[in-house]
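Asks: pasting the sequence and the predicted coordinates here, then a few questions.
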Amino acid sequence: MLTNEQFDRFHNEFDFLVRKYREQYSRHTGRDRSAYERSYEQRIRHAAAELYSVVKSASSIIFSTDDRMGRPPKVTPEQKVAILLLKEIFSLSNRKMSGLLSLFGPLTDIDICYKTVERAYSSLPVRLIIHNMFILLASGTGGNLTGDGTGCSLSITRHYRSMRVNGNCIKTNPDHRLFVYAFAILDLGTNLYVAYGVSMKSEKDAYRDALRMLDITVTDAGSVRLDQYYCTQYTLDDFSEGTKAFIIPRSSTTIREPPAWKKLIGRLMDAPMEFLSEYYRRENSESQFSADKRTTGWRIQQRREDRIRTAAMCKGTWHNPFNMTSG
């Protein structure tokens, strides 16, 4: 029978086990720049080929109550979605996107002012289409999951990861927002996001938002990995009983907890290296966030909350088309 004394002794030696694991299994691989460029070209071509068909499918399941009175719009909701997605991937301002559309007007037959681009972020049909796009792209995935949070800067002087390490990202000031928080749940088998949450309040709130989407996209996850911000027994309640969790309990943890939590501690103590091997697969989330920010940028150039959320969802939606193979 597991006792608190046994767990305390184990936890006192845990830092040594982590160092031993890293010495034995950590590998630093260099980056082949030319291979990355070739891969990027292939992925962007595939994403472009998939984009418009997914937009059309996502739009077709929306029931619009718009009575279409008055002057017909210059661009359809589907075109607005495509404009916003392209704007985010090229990190353009509203004015620059409007100017680019004017330059290509003879080819696209679209010539709109920057205000039209800006207002598209607030359009309900646009937001619904983007949400449906994510659901369509994520459906059918899921199994072994990992989750992590990040932030897109609303200021050019702040970096989310460094502030998160220092604990400063938890402090919020409604009069001076620094970040929009995002939480992505990744399927390790496909490197596709199965859920994505956005919040103006905190990373934990974005996590809750992602869980609501996870209920739609994944019916039964086999396993999940989360970092130190979610290492409590209550995290287990967020997933089904059959989902095997890989989280590291805090030193203050006792075994006088629910059976599922005690079972997790038992798995960690019985095979710590095997447990750590699974736990550190969550670093895939960090690498995918890094790749996303190289693709779509790390800053959001909107100011209204609804528009900020839409811009963040555009960034998250781009991930799956970029990571689907064309074969």
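Replies: Perfect, thanks for sending it.
Asks: quick check: bridge partners of the closest residue to V224 other than its chain neighbours?
Replies: Sequence neighbours aside, L145 is the residue nearest to V224 in space, at 4.6 Å (criterion: C-beta to C-beta, 6 or more residues apart in numbering). From N, CA and C alone the C-beta is placed, and that goes for glycine too. Per DSSP bridges, the residues bridged to L145 are D187, V224.
Asks: my read: L145 touches L226, true?
Replies: No - here L145 lies out of contact with L226, judged by C-beta atoms under 8 Å, at a distance of 9.2 Å.
Asks: quick one, what contacts the nearest residue to T243 once chain neighbours are set aside?
Replies: For T243, ignoring the flanking residues on the chain, the nearest one in space by C-beta to C-beta, 6+ apart is A221 at 4.7 Å. For A221, the contacting residues are 142-145, 214, 239-240, 243, by C-beta atoms under 8 Å, 6 or more residues apart in numbering.
Asks: starting from T295, give me the distance back to the residue nearest to V224.
Replies: 22 Å (C-beta to C-beta, to the nearest Å).
Asks: these two: which is more packed in?
Replies: L145 (27 against 18; other C-beta atoms under 10 Å).
Asks: show me what contacts the more buried one?
Replies: Contacts of L145 (C-beta under 8 Å, 6+ apart): 185-188, 194, 218, 221-225.
Asks: which of those are buried? Put it as a ChimeraX command.
Replies: To isolate the buried members of these in ChimeraX, using 16 or more other C-beta atoms under 10 Å:
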select :185,186,187,188,194,218,221,223,224,225
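Asks: need the max-distance pair from the contacts of L145.
Replies: V218 and R225 (14.5 Å; C-beta to C-beta).
Asks: and stretch 23-41, how far out from the chain middle?
Replies: For stretch 23-41, the separation from the chain centroid amounts to 22 Å (computed by C-alpha atoms, centre = their mean, to the nearest Å).
Asks: who touches it?
Replies: Contacts of stretch 23-41 (C-beta under 8 Å, 6+ apart): S277.
Asks: could I get it in PDB with only the CA atoms?
Replies: Presented in PDB, the C-alpha positions along stretch 23-41 are these (Å, rounded to 0.1, in the frame of the first residue of the first chain):
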ATOM      1  CA  GLU A  23      21.300  13.100 -19.700                       C
ATOM      2  CA  GLN A  24      20.200   9.800 -21.100                       C
ATOM      3  CA  TYR A  25      17.500  10.700 -23.600                       C
ATOM      4  CA  SER A  26      17.800  14.400 -24.500                       C
ATOM      5  CA  ARG A  27      19.000  15.000 -28.100                       C
ATOM      6  CA  HIS A  28      19.900  18.300 -29.700                       C
ATOM      7  CA  THR A  29      19.400  18.200 -33.500                       C
ATOM      8  CA  GLY A  30      20.500  20.900 -35.900                       C
ATOM      9  CA  ARG A  31      18.200  22.500 -38.400                       C
ATOM     10  CA  ASP A  32      18.600  22.000 -42.100                       C
ATOM     11  CA  ARG A  33      17.500  25.300 -43.500                       C
ATOM     12  CA  SER A  34      17.200  24.200 -47.100                       C
ATOM     13  CA  ALA A  35      15.000  21.200 -46.100                       C
ATOM     14  CA  TYR A  36      12.800  23.500 -44.000                       C
ATOM     15  CA  GLU A  37      12.300  25.800 -47.000                       C
ATOM     16  CA  ARG A  38      11.300  22.900 -49.200                       C
ATOM     17  CA  SER A  39       9.000  21.600 -46.600                       C
ATOM     18  CA  TYR A  40       7.400  25.000 -46.100                       C
ATOM     19  CA  GLU A  41       6.800  25.500 -49.800                       C
END
